[in-house]
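> I'll drop the sequence and a predicted model, then ask my questions.
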Amino acid sequence: QRQSLKEKNLFLFLQYMDAHEPYLPPARCRKLFTQKRASGYDYQELFDDLKEGKRTPETHAAITHVSDLYDASLYYLDEQIGELAEELEKRKLLRESLLVIASDHGQSLGERYRLGHGATLYPCETHVPLIISGPSIPPSRVRTRTTNLDVLATIADFTGAGRAPAGRSLINEAVKAAANSFTAHREVYSIADYTKIFPAIAREMLISPSGKAYIANSNKEGHTVSEEVYNVDADPEMLHDVSNADDLVAFRARLAALHSQEAVLFNAQETEIDNPAIRQMLKTLGYLN
């Protein structure tokens, strides 16, 4: 089996669910983090309590317990990723492979009295780990803003598959970072459109190269109901809204331009995908309506 793997390229995608609710870490991991209080918590009940604005000692204790379980689950997940790396090394595949560790979303654990993900675009839900290791990639920390779209671009660059339709390869970014060369920030866009789960909530976030983040909150009819602006460099947790008229006008115009570009790209992608099986798969993943 090892010989056959060496003779051909292999793409392996593993999705770990250990850090996703319900949090069920092994007892040995749970003991490292959890406390006895609120051990009988009900996740959905806590979610509903926070949504309804309940602020009681019991609620705070339950949030602490959920956070402890989450940390214990992450600890267990770290162990599993370590075992994967050890197995790849044992098969002499690790050093010649591109290993990417990422997350599709973060998690609110009581911040702003919210629980879960999909309802906000604040850092606790959008700032996720992204670790890339492979030959020709020097140890470094890329300081410019990145997105998960960069994963596709990095894989395309590493395999020589050509330029990806979106994102930026982080291989060169890592080389520059190792040489202490900083690449300027670029514009970053995020969206949380869970109107089926969270009625009247659709949020978009645009972070400018200068470090200002704009969040537009829309209702199910598509009308903007509120706007926020944050200085993410000075206020990384995005706690202090610094909205002003000039910023709002500029961000509205830029977001409208992005919508126009997205419509053209989306329509082109729709017409190119004529395989029913692929279309259904993309719908399941949320890439097509």
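Structure's in. What do you need? Model, not experiment: these values are computed from the prediction.
> show me what contacts residue 188?
145, 147, 205, 206, 207 (CB atoms under 8 Å, 6 or more residues apart in numbering). Placement of C-beta: from N, CA and C, glycine included.
> what do you get if the cut-off is 7 Å, keeping everything else the same?
Contact analysis of residue 188 by CB atoms under 7 Å, 6 or more residues apart in numbering lists 145, 147, 207.
> so residue 241 versus residue 215, what's the distance?
According to CB to CB, to the nearest Å, residue 241 stands 9 Å off from residue 215.
> which one of the two has more residues nearby?
residue 215 (23 against 13; other CB atoms under 10 Å).
> packing partners for the helix or strand where that one lies?
Following DSSP states H and E, one finds residue 215 within strand 212-218. If you count contacts as 3 or more CB pairs under 7 Å, 6 or more residues apart in numbering; DSSP states H and E, strand 212-218 packs onto strand 202-207, strand 224-231, helix 245-272.
> on that earlier part again, weed out the non-buried ones from the contacts of residue 188.
Neighbour counting over those (16 or more other CB atoms under 10 Å) leaves 145, 147, 207 as the buried ones.
> is it fair to say the second one lies in a strand?
No. When DSSP: H, G, I helix; E, B strand; the rest coil is applied, residue 147 is found to be coil, with no strand at that position.
> spit out the contact partners of it.
Residue 147 neighbours (CB under 7 Å, 6+ apart): 167, 188.
> ok, residue 139 next?
Taking CB under 7 Å, 6+ apart, we find residue 139 in contact with residue 178.
> now do the SS call for it.
Following three-state DSSP, the label given to residue 139 is coil.
> pLDDT value on it, please?
On pLDDT, residue 139 comes in at 90.
> now swap in residue 36 and tell me
pLDDT recorded at residue 36 is 58.
> show me where this protein has helices.
2-6, 27-33, 43-51, 57-90, 123-126, 149-159, 170-178, 245-272, 276-285 (DSSP state H).
> give me the mean pLDDT for the second one.
It refers to helix 27-33. 91.
> and that helix, how far from the chain's centre?
Offset of helix 27-33 from its chain centre (CA atoms, centre = their mean, to the nearest Å): 26 Å.
> tell me what it is packed against?
Counting contacts by 3+ CB pairs under 7 Å, 6+ apart, helix 27-33 packs against helix 57-90.
> the helix it packs on: which residues count as buried?
Buried, per 16+ other CB under 10 Å, within helix 57-90: 59, 62-77, 84, 88.
> got any ranges where the stretch 151-289 of the chain has weak pLDDT?
For the stretch 151-289 of the chain, residues meeting the criterion pLDDT under 70 lie at 194-201, 262-275, 277-289.
> coming back round to it: relative to strand 202-207, how tilted is the strand holding residue 215?
170 degrees (axes from the mean of the first three to the mean of the last three CA atoms, to 10 degrees).
> which residue is the nearest non-sequential neighbour of the residue positioned nearest the centre of the chain?
Centroid check for the chain by CA atoms, centre = their mean gives residue 105 as the closest residue, at 3.4 Å. Among residues not flanking residue 105 along the chain, residue 117 sits closest, at 4.7 Å (CB to CB, 6 or more residues apart in numbering).
> list the contacts for the one you found?
Neighbours of residue 117 in contact, by CB under 7 Å, 6+ apart: 105, 106, 107, 108, 125.
> distance check, the nearest residue to residue 206 once chain neighbours are set aside against residue 27.
Excluding the flanking residues, the one nearest residue 206 by CB to CB, 6+ apart is residue 214, at 4.8 Å. Using CB to CB, we find residue 214 at a distance of 45 Å from residue 27.
> which of these two has more residues huddled nearby?
Legend: neighbour count by other CB under 10 Å for residue 214 and residue 27, higher for residue 214 (21 against 8).
> beta partners of that one?
residue 206, residue 229 (DSSP bridges).
> what do residue 241 and residue 215 both touch?
Contacts common to residue 241 and residue 215, judged by CB under 7 Å, 6+ apart, are residue 228.
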